[in-house]
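S.K.: After the sequence you'll find the predicted model.
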Number of protein chains: 2
Amino acid sequence: MSETSEAPVKTGPRNRRIAGADPDKRRQILDGALQVFTSRGFDAASMNDIAAAANVSKGTLYVYFEDKEHLFVDLIQREREIQKRGAIEALNEDSDPVRALSRFGLCIVRMINGELAVSAHRVVIGVAERMPDLGREFYENGPMLGSRLIARYLDRMVAEGKLAIDDTYLAAVQFLDLCQSTLTRPRLFNAVRTPPSDEEINRVVGEAIAMFMARYGRGAGAEPAPR
Amino acid sequence: MSETSEAPVKTGPRNRRIAGADPDKRRQILDGALQVFTSRGFDAASMNDIAAAANVSKGTLYVYFEDKEHLFVDLIQREREIQKRGAIEALNEDSDPVRALSRFGLCIVRMINGELAVSAHRVVIGVAERMPDLGREFYENGPMLGSRLIARYLDRMVAEGKLAIDDTYLAAVQFLDLCQSTLTRPRLFNAVRTPPSDEEINRVVGEAIAMFMARYGRGAGAEPAPR
DNA sequence: AAAGAATCGAACCAATCAGTTCGATTTGAC
DNA sequence: GTCAAATCGAACTGATTGGTTCGATTCTTT
């Protein structure tokens, strides 16, 4: 899966091999760990299983990672970094909010509902009680960051007079939640075992945008600030 | 905490004490288990801890519950039953959708974001991979049921001509998600350690309703069915 | 008060797991 | 080819856990 290595850097300058820091082997371990952690959860994942899944000796495991928790944290950080990149590159700068939002919606919902992201979500939420820092960090650099991105885009649209929004951050989160209505929650609870199709996603995203524009589009009852 | 017992049934007809089925003791155990499971997660919760937290001998634990998993499942089912009742009694039959929805929104969001519900959510999601049936059951009798309730109410409003909705189930989920925008997700990830205040909830619910009515209220661009 | 059941409590068992150790083996630079 | 470093692999440690057992204790009913 991760066969394709980035040619530019190759493996680095090495007169000799270094401590326990071969990036390929490291990735290899993280890949194995990903499999085991996502399919068993944090506690039920044994270091033996991980070593086996990664085709690596247990000793080597501990050369590359201090202990189970550090391995897990590093893994989760890698995953949320992937999410981050995905989200950033998904928001293209279209000047038409409907087009931009619907494209972004499809991309991000597709990503969020992927096997991997869902599993990672589950694991992080599952340990959030015992590892609050990890939970917060994951949230802030994942979902929250996505919302911020959209909020910034909305700010621009408001400045250009294309939308009328009071609280753009709230609006961003609302939009993201609408895009996932009906789709993500059952996946989190494992009540639906396969990701939604693009058709399903597009339908929900379409409805989300219809709702969004009805409220925030030019010529809507701008801010009745319901009291 | 569970001092108040329901007087009506008392403990039942007893010539002699029965096997391992004293409802009070059973509750006592479940209460202890709740504490431990929610504060440590399923795996990290040890039966010793639970016995201690419940002021019960470990032996008795196994008289009342077959094993750890059964205990956990029974506990979760009790919790979702509580949720269920809460949700049902929260939806009062007001003929004005704005009033009914805002009241229901406040109630259910308050409940969902309570310490207990959040913890239960986390634990269930955390084990959903290994115990799919539990996850599905919890989802169907919790969140999904709430959505169904609202959907039925919306059906009625549509029939009475007060709202114009095509897919009432989707609309119901949208509404529930909007009511939780900004609030529930950070709680799940433990990025926010205390439930939101009623003021915060009311603000978000208000915005949710504004959005909802902008889209589905009488005199909105009914169904542009965005293509 | 006496019997009988439920409960306690504390030890116990087998299994598992995180983490360590160490000699044998591979690998890569020279 | 040589040599040193990295890795393997397989056993080992110490601690914990789920679950069991059983005699001592506490209730409750008669």
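M.R.: Ah, there it is. No experiment lies behind these values; they were computed from the predicted model shown. Residues are numbered from 1 along each chain as shown, chains lettered A, B, ... in the order given.
S.K.: any idea which element residue A:205 lies in?
M.R.: Here residue A:205 sits within helix A:198-216, counting by DSSP states H and E.
S.K.: Just want the residue of chain A that's nearest DNA strand D.
M.R.: Nearest residue of chain A to DNA strand D: residue A:60, at 3.1 Å (C-beta to the nearest atom of the strand). From N, CA and C alone the C-beta is placed, and that goes for glycine too.
S.K.: pretty sure that residue contacts residue A:28?
M.R.: No: Residue A:60 is beyond contact range of residue A:28, at 9.7 Å (criterion: C-beta atoms under 8 Å).
S.K.: The helix or strand of chain A with the lowest mean pLDDT near DNA strand D at all?
M.R.: When the helices and strands of chain A are compared on mean pLDDT, DSSP states H and E, helix A:68-90 comes out lowest with a mean of 90. No: applying C-beta under 7 Å from any atom of the strand, one finds helix A:68-90 out of contact with DNA strand D, separated by at least 12.4 Å.
S.K.: got the buried residues for that helix?
M.R.: A:68, A:71-76, A:78-80, A:83, A:86-87, A:90 (16 or more other C-beta atoms under 10 Å in any protein chain shown).
S.K.: what distance separates it from the centre of its chain?
M.R.: Relative to the centre of its chain, helix A:68-90 is centred 8 Å away, using C-alpha atoms, centre = their mean, to the nearest Å.
S.K.: which other helices and strands contact it?
M.R.: Packing partners of helix A:68-90 (3 or more C-beta pairs under 8 Å, 6 or more residues apart in numbering or on different chains; DSSP states H and E): helix A:23-40, helix A:97-112, helix A:115-127, helix A:132-141, helix A:143-159.
S.K.: Buried residues of the third one, list them for me.
M.R.: So that's helix A:115-127. Neighbour-count burial for helix A:115-127 [16+ other C-beta under 10 Å]: A:117-127.
S.K.: Quick one: residues contacting the most centrally placed residue in chain A.
M.R.: Per C-alpha atoms, centre = their mean, the C-alpha nearest to the average position across chain A is that of residue A:83, at 3.6 Å. Residue A:83 makes contact with A:111, A:117, A:142, according to C-beta atoms under 8 Å, 6 or more residues apart in numbering or on different chains.
S.K.: export these to TSV and tack on distance to chain B and pLDDT?
M.R.: Conversion of the contacts of residue A:83 to TSV gives the following (distance: C-beta to the nearest C-beta, whole Å; pLDDT from 0 to 100):
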residue	distance to chain B	pLDDT
A:111	16	94
A:117	13	91
A:142	9	90
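S.K.: Which of the buried residues of helix A:68-90 sits closest to residue B:103?
M.R.: Each of the buried residues of helix A:68-90 was scored against residue B:103 by C-beta to C-beta, and residue A:87 proved nearest at 35.8 Å.
S.K.: Surely that closest one and residue A:109 touch.
M.R.: No: look at residue A:87 against residue A:109 with C-beta under 8 Å: they stay out of range, at 11.2 Å.
S.K.: list the residues that contact both of the two?
M.R.: In contact with both residue A:87 and residue A:109: no residue, using C-beta under 8 Å, 6+ apart.
S.K.: Return the most buried member of the helices and strands packed on helix A:68-90.
M.R.: Of all the helices and strands packed on helix A:68-90, helix A:115-127 carries the top mean neighbour count, a mean of 22, counting by mean count of other C-beta atoms under 10 Å in any protein chain shown.
S.K.: Considering only the contacts of residue A:83, which also neighbour DNA strand D?
M.R.: Checked against DNA strand D using C-beta under 7 Å from any atom of the strand, the contacts of residue A:83 give no members in range.
S.K.: Give the helix, strand or coil label for residue A:20.
M.R.: Three-state call for residue A:20 (DSSP: H, G, I helix; E, B strand; the rest coil): coil.
S.K.: can you count the residues close to it?
M.R.: 14 (other C-beta atoms under 10 Å in any protein chain shown).
S.K.: Look up phi and psi at the residue nearest to it when sequence neighbours are not counted.
M.R.: Leaving out its chain neighbours, the residue that sits closest to residue A:20 by C-beta to C-beta, 6 or more residues apart in numbering or on different chains is residue A:63, at 3.6 Å. The phi/psi pair for residue A:63 (degrees, to the nearest 10) reads phi -80, psi -40.
S.K.: residues contacting whichever residue of chain A sits closest to chain B?
M.R.: Residue nearest to chain B within chain A (C-beta to the nearest C-beta): residue A:126, separated by 2.4 Å. With contacts defined as C-beta under 8 Å, 6+ apart, the neighbours of residue A:126 are A:41-42, B:41, B:122-123, B:125-127.
S.K.: Specify which member of these is nearest to residue A:186.
M.R.: Distance ranking of the contacts of residue A:126 against residue A:186, using C-beta to C-beta, places residue B:125 first at 11.5 Å.
S.K.: picking up where we left off before, counting contacts, what elements does the host helix or strand of the residue of chain A closest to DNA strand D pack onto?
M.R.: Element membership for residue A:60, per DSSP H and E: helix A:58-64. With contacts taken as 3+ C-beta pairs under 8 Å, 6+ apart, helix A:58-64 sits against helix A:23-40, helix A:47-53.
S.K.: Alright, calling it a day.
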